[in-house]
Each structure stands twice: as C-alpha cells, then as structure tokens.
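Chemist: Sequence first, predicted model second:
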Amino acid sequence: MLELDRIDVHYAKNHVLKGVSLNIREGEVVSLVGSNAAGKTTTLRTIMGLKACTAGTIRFAGASLEGQATDQRVAGGIVLVPEGRQVFPRFTVSENLLMGAYHRRDRNRLDDDLDKAYAMFPRLAERRGQKAGSMSGGEQQMLAIARGLLSRPRCLLLDEPTLGLAPRIVDEISLTIRKLAEQGLTVLLAEQNAGMALAVADRAYVLETGRVSLEGTGAELAGNEAVRRNYLDN
Amino acid sequence: MLQLVVGQLLNGVIVGTLYAIIALGVTLTFGITGIVNFALGAFMMLGAYFTWYFSDGLGIPYPLAVVLATLAIALVGLVADQVLFRFTRNNLINGLIVSIGLISVIVAIVLMVWTTTPQNMHYVLPGVFRVGGVIVPKMKAVVFGVLLLVILFTYAALTRTWAGRAAYAYAQNPEAAALMGVRTKVLQAGVAAYSAALAGLGGGLYASLYSITPEIGAGYILKGVEAAILAGIGSVMGSFAGGIIIGVAEGVGSIFLPSAYNDAYGLVFLVLILLFKPAGLFAVSSR
Ligand SMILES: Nc1ncnc2c1ncn2[C@@H]1O[C@H](COP(=O)(O)OP(=O)(O)OP(=O)(O)O)[C@@H](O)[C@H]1O
Ligand SMILES: [Mg+2]
C-alpha cells in the first residue's frame, strides 16, 4: 500500500537517508526501529511531503506521491501522528479532535466519529473540555493518536508514540495499535523502543544511520542476535 | 471640566477603535506569517485616499466607496504578500525591511498623485447625538459601531468557522496544522489579504472624520503595534481593548499634559503595563 523506493534525503550537505526502501502492505503493522538520529522522523516527514527527497520515489495505493503537497497526501489517507505529540495547546480536547477532521468532506457531521474516539480513549472523554496544553504527556499522546484517527487514515504513521511515557501507558498504546490493526488499519510505527515496536509489529525494518540494515517479521528481528545486542538488551 | 474629560474619553474610544482595527491586522499577520507588517499603516492611508477619491472624485455613494476601497486594499495586501512578504515568512528583520521599503513606495506614489495638500471629504453624515451634556457626532458613533461589528465578526469567524479554526491552529503549531490538511500557503495569503482589508476599512472610515495626508499611516501603525503588544500578541478581543486603552490614554492625557506629546502617552502606558505584565494584558497562555 505504501512503498518507498530508494529514497535519499539531505539536510543541506548532510546525507540523512541513503537509499531507504520500505514496503508496507495493506492491513499490516510495520515498525521502523532505530536509535537516535537514525532517520526515522525524516522518513515519516518525507512520506508526508514535509521534507523533499533528493532521489527515489514514494508510492501510495499504486500512485506516485511526487508533486503532492502535504494536504493532498492527508486527503489521500496518509496521516502522521508526529513526534512530540504536537497537539494544539490552546484548543480543548474536542477542538483538537475536530481539527483532525479538517480535511474531510463530512467534517460537519462528526458526532459518531467523536463518540468512537471517546469510547476508545475514555480518559479523553472525561477531559473533552480541557485545554490540551494542560494535559499530561500520556494524555496528550492519546489525544494526538485520536486526532490522527479523526483524519480517517488509510495508513497511519506514528512517530515515537511511547517516548517518555510510563510503562503502563506504553502498554496501553501497544494495545491501541493492535486494536486498530484488527480493524484493518495499516500502520507504520517509528520507535526507539524496539521491544515494544517489535512486539506489536507484523514486520519491521531496522534503520541505521540512514540505511535499512535488517528486515523481517517482528518475531524474527526480536530473536536476531545483533538486534538483541544493540536494541533490546540494556 | 467633567464634560471635557468625558468628551475626550469618547474621542479616545473612537480613535482607539481605529487603532484596534490596525492592531487586529498586526496580530493576525504576526500569528500566521511571523512578521510585523508595518505597511498596514500605509494600507490604511491608501484606503482613506481611495475612499475619498471614489466618493468625492467619482461620485460613488460613501458606503459603497468604503466597500470598494476595502476590497482594493485587500488586493493590494494580497499582491504585496505574494510579491514581497512571501519571502520574509518568520523573519522579523526582513519583514521590517520590506515593510519600510513598501511604505516609502506607497507614500511616494500617493505624494505624486495627490500631493501633500490635506484632503477633506464632504460631510458624510452631519449632525450630533446629545447624551446628557456630551456631544457625539453621529458619524463618529457610526465609525465606532462598524469597527466594533467587524472586530466581533472576526472573533466569531476565528472561533466558529473551519477557516478560522485552521488559522488559530496554524498560529499554535504550523506543522501540526499542515498535518491536518490545512493548505498553509493559501491560509497565509488569505490572512495577509484580510489584515490589509481591515486596515483599508479603517482608512475608509477615518476619511469621513479627519483630514487625509500621506503621513497618517505612520501614527496609526505605531499605535496599532502598541495596542497589539499591550494586549498580548494573538488576542483578538485584546487588540480591541488595547486600541481603546491607548486611544483613551491619549485623549485624557492631552487634557492634563501638553498635547504636543500626545504620541508619547500611549507609549508610556505601554511600558508601564509591560513592566507588570510582560506578556501583555490579555496574553493567551499556552498552558
Ligand atoms: N531540520 C533538520 N535540519 C538539519 N538536520 C536535521 C533536521 N532534522 C533532522 N536532521 C538530522 O537528520 C538526522 C536524522 O534525524 P531524525 O530526526 O530523522 O532521526 P530519528 O531517527 O527520528 O531520531 P530520534 O529517535 O532521536 O527522533 C540527524 O542526524 C539529524 O541531526
Ligand atoms: Mg525522531
């Protein structure tokens, strides 16, 4: 469904992605594992058109994304829940969720979608009138994911949704991702937390300083000697 | 004495709403494009000239002349944004330099076409209201009413329409807004044009009250920026209050203090307020 074919990305002269190829099939949860500065965020931003690639092609549902601005990619169904949550701090929870539906044609009839989001994240339901900026990190992460779902994604990109969160919340987020997968959503998850990322993933890629060094099923990689040494054992 | 104070208070309120409409443009432009557009004062001046010319020159009825001038200034603002300010996004210094250049160009053109002679429009709406012992010219009341309505309309649009919410979202987090599918370039151009239209409208209404010269923009942009800072950049209703506070400070200040230093009173007030509330009176906290 989403294919990256030998993507190169530069920040000025800094060659950050070097021929990255990924293939995410419909209905799969794919993880992109890598340490700090490996290029995970850059990969996701490039998929969204927030950053231009210098070589390679990205295809979504069979069509090239070349020349498409971010809003067109969102309208096409690719949705990114960005690193660091990036909720709108002065909007309430419900206003944040509404913004998620901004690009939708049916954005004035969202009652059902909001009910679904609140059912999935009961903590947000209790706080629907609270300003997002005053919520805890975990709550903001839930909100960012819920807002992303309001965008009605066909393929959801998640950038480090567990960063800095307590183990209990990490489990909650893993569970959420599995639930979404069961409903048929395609997910690409970028994570430093390899343990969590490999556990929820059908397949995974390991990204090392801008190159894919390994790929396989979540279980294969979790059992791989190099992965265990570099990403799993502390 | 009391009558004088009340009279100046009312005058201050009316001039203050003119400051407020400029301040609103300043605050919106800053929130969305990251620069302070000092040329909004020149747009206001141009709006005054256009209105005067449409009305007294071409014989178009005044209300229609104001509408036409407002639209024309929106277009000027849009063109200036696409040709110049587009390249100064989030760069205060470059924005300032481009603003100053644009102001000189606009002032030079106006001087060439209409000279330095102050222009006075015909009396659009003669007559006064008497409330107690206080006299309020009808036109001043109309100007106040129209500007107040436009400010309230803007507030409602920002909070209740999708385009407004997109603008407010963008001001909080540009990249997140883009990720929601907001067309950020269109939004920036739209806000630049809307801010210019506000200034043009302010100029068009100004024209019915006071003499028009090529210099009027300078004072108004100064007060507009002061009002925006006073209020705390980013607050719509704050811009309104900020404008009125500065207008009243000037009006009342000029009774007790030499009016030659009129421009300074608002500034002194601004500094005093910022000493106690550095983020501005109505600053919207992000927490
Ligand atoms: N805006 C930018 N300008 C310049 N260099 C950048 C920029 N963003 C990222 N980089 C560089 O690109 C490289 C990859 O960064 P990226 O953010 O994609 O890594 P990451 O895998 O997401 O890391 P982390 O796990 O810390 O979020 C880093 O060396 C980083 O310094
Ligand atoms: Mg990252």
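Modeler: Great, that's in hand. Residues are numbered from 1 along each chain as shown, chains lettered A, B, ... in the order given. Ligands and ions are numbered 1, 2, ... in the order given.

Chemist: tell me the contacts of residue 208?
Modeler: Picking chain A for this. By CB atoms under 8 Å, 6 or more residues apart in numbering or on different chains, the contact list for residue A:208 reads A:34-35, A:38. In this view, the C-beta of every residue, glycine as well, is placed from N, C-alpha and C.

Chemist: Chain B was what I was after
Modeler: Residue B:208 neighbours (CB under 8 Å, 6+ apart): B:51, B:62, B:121, B:124-125, B:139, B:143.

Chemist: Next one, pLDDT for residue A:50 please.
Modeler: With respect to pLDDT, residue A:50 has a value of 94.

Chemist: Residue B:4 versus that one, what's the distance?
Modeler: 60 Å (CB to CB, to the nearest Å).

Chemist: how about the residues of the stretch 151-287 of chain B near chain A?
Modeler: Residues of the stretch 151-287 of chain B found near chain A (CB under 8 Å from any CB of the partner chain) are B:162, B:165-166, B:168-169, B:172-173, B:175-184, B:284, B:286-287.

Chemist: buried subset of these?
Modeler: The neighbour-count test (16 or more other CB atoms under 10 Å in any protein chain shown) marks B:165-166, B:168-169, B:172-173, B:176-184, B:284 as buried among these.

Chemist: What about those, which are in helices?
Modeler: Counting by DSSP state H, these place B:165-166, B:168-169, B:172, B:176-179, B:184 in helices.

Chemist: out of those, who's nearest residue B:240?
Modeler: Distance to residue B:240 across these (CB to CB) is lowest for residue B:168, with 16.8 Å.

Chemist: Can you get me a residue count around the closest residue to the closest one other than its chain neighbours?
Modeler: Leaving aside its chain neighbours, residue B:168 sits nearest to residue B:158 (5.6 Å; criterion: CB to CB, 6 or more residues apart in numbering or on different chains). Neighbour count of residue B:158, defined by other CB atoms under 10 Å in any protein chain shown: 18.

Chemist: Residue B:158: what secondary structure?
Modeler: Residue B:158 falls in the helix class when you classify it by DSSP: H, G, I helix; E, B strand; the rest coil.

Chemist: ok, now which ones touch it?
Modeler: B:164-165, B:167-168, B:236.

Chemist: Repeat that for residue A:124.
Modeler: Here residue A:124 is in contact with A:93, A:97, A:117-118, A:139, A:142-143, A:146 (CB under 8 Å, 6+ apart).

Chemist: JSON lines for those residues, including pLDDT and secondary structure?
Modeler: Converted to JSON lines, the contacts of residue A:124 look like this (pLDDT from 0 to 100; DSSP: H, G, I helix; E, B strand; the rest coil):
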{"residue": "A:93", "pLDDT": "96", "secondary structure": "helix"}
{"residue": "A:97", "pLDDT": "96", "secondary structure": "helix"}
{"residue": "A:117", "pLDDT": "93", "secondary structure": "helix"}
{"residue": "A:118", "pLDDT": "95", "secondary structure": "helix"}
{"residue": "A:139", "pLDDT": "93", "secondary structure": "helix"}
{"residue": "A:142", "pLDDT": "93", "secondary structure": "helix"}
{"residue": "A:143", "pLDDT": "96", "secondary structure": "helix"}
{"residue": "A:146", "pLDDT": "95", "secondary structure": "helix"}
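
Chemist: Tell me which residues touch whichever residue of the stretch 51-200 of chain B sits closest to chain A, please.
Modeler: As assessed by CB to the nearest CB, chain A sits closest to residue B:181 within the stretch 51-200 of chain B, at 2.9 Å. Taking CB under 8 Å, 6+ apart, we find residue B:181 in contact with A:70-71, A:74-75, A:102-103, A:151.

Chemist: Most neighbours of all those, which one?
Modeler: Result: residue A:74 is most packed of these (other CB under 10 Å), 26 neighbours.

Chemist: Please, which helix or strand holds that one?
Modeler: helix A:70-76 (DSSP states H and E).

Chemist: ok, now residue B:81?
Modeler: If you go by DSSP H and E, residue B:81 is part of helix B:62-83.

Chemist: just how off-centre is that helix within its chain?
Modeler: Centre-to-centre, helix B:62-83 and its host chain are 14 Å apart (CA atoms, centre = their mean, to the nearest Å).

Chemist: Past it, which element shows up next along the chain?
Modeler: Moving toward the C-terminus from helix B:62-83, the next element (DSSP H and E) is helix B:92-114.

Chemist: helices or strands up against that next one?
Modeler: helix B:39-52, helix B:216-231 (3 or more CB pairs under 8 Å, 6 or more residues apart in numbering or on different chains; DSSP states H and E).

Chemist: Dump the last one to PDB, keeping only the CA atoms.
Modeler: What follows is the C-alpha trace of helix B:216-231 in PDB, where atoms were taken according to Å, rounded to 0.1, in the frame of the first residue of the first chain:
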ATOM      1  CA  ILE B 216      -1.400  59.500   8.600                       C
ATOM      2  CA  GLY B 217      -0.400  55.900   8.300                       C
ATOM      3  CA  ALA B 218       2.700  56.300  10.400                       C
ATOM      4  CA  GLY B 219       0.900  57.300  13.600                       C
ATOM      5  CA  TYR B 220      -1.700  54.700  13.200                       C
ATOM      6  CA  ILE B 221       0.600  51.800  12.600                       C
ATOM      7  CA  LEU B 222       2.700  52.900  15.600                       C
ATOM      8  CA  LYS B 223      -0.400  52.900  17.800                       C
ATOM      9  CA  GLY B 224      -1.700  49.700  16.200                       C
ATOM     10  CA  VAL B 225       1.500  47.900  17.100                       C
ATOM     11  CA  GLU B 226       1.500  49.400  20.600                       C
ATOM     12  CA  ALA B 227      -2.100  48.200  21.100                       C
ATOM     13  CA  ALA B 228      -1.300  44.700  19.800                       C
ATOM     14  CA  ILE B 229       1.700  44.400  22.100                       C
ATOM     15  CA  LEU B 230      -0.200  45.900  25.000                       C
ATOM     16  CA  ALA B 231      -2.900  43.300  24.600                       C
END
